[in-house]
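Participant: Predicted coordinates and the sequence they were generated for:
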Amino acid sequence: MERPSLEINLPDTHEEGKLYVVDSLNNLNKLNVCTEESQHSLDEEENTDGIRENMAWSNTRNQCLFFITFIITLITSLALVSFVIFLIIQTRNKMDQISSRLLSEKKNIEELKKINNIILKHLNQSSIKD
């Protein structure tokens, strides 16, 4: 705004005119103050928008990191579970092999006992004859 328009000589005006001019000057001053405050408000809103954009970007980045971490955790868990299942199957196969060996050894031991009993009977019979 131009300053010369604000400078008014009031020697010939009445009291009401002086009040009107003072009110006009006050209103003009308020208008200037309001525009400066609104400019500050606009600057703050721009800063706030920047902060909001940064917060939105940060939030999106955090969600992305969480999602990636979640996927990696799921893959790792799946790998570990698969490995444990593989070990359980291998252990079961080994246990089946050991069980079958024990059964065959048990049969062999029973056969050896029978042979031992036959030998003892034969020895007992031969000792009686002698």
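Facilitator: Yep, that arrived. The structure displayed is predicted, hence computed values, not measured ones.
Participant: residues near L28, how many?
Facilitator: Counted by other Cβ atoms under 10 Å, the residues lying close to L28 total 13. (Each C-beta comes from the backbone N, C-alpha and C, glycine too.)
Participant: What of D96?
Facilitator: Residues near D96, counting by other Cβ under 10 Å: 10.
Participant: what's it in contact with, if anything?
Facilitator: Under the criterion of Cβ atoms under 8 Å, 6 or more residues apart in numbering, D96 has no neighbours.
Participant: before we move on, what SS does it have?
Facilitator: Assigned with DSSP: H, G, I helix; E, B strand; the rest coil, D96 falls in the helix class.
Participant: Going forward, count from 52.
Facilitator: Will do, 52 is the new start, and the previous item becomes D147.
Participant: just the helices in this protein please.
Facilitator: Listed from the start of the chain, the chain has helices (DSSP state H) covering 66-180.
Participant: Tell me where the model's unsure across it.
Facilitator: For the chain, residues meeting the criterion pLDDT under 70 lie at 52-73, 82-104, 180-181.
Participant: cutoff 90 now
Facilitator: Confidence mapping of the chain against pLDDT under 90 gives the ranges 52-113, 174-181.
Participant: F121 - how many residues pack around it?
Facilitator: 10.
Participant: Against S128, how distant is it?
Facilitator: F121 sits 11 Å away from S128, going by Cβ to Cβ, to the nearest Å.
Participant: likewise K157?
Facilitator: Distance of K157 to S128, computed by Cβ to Cβ: 43 Å.
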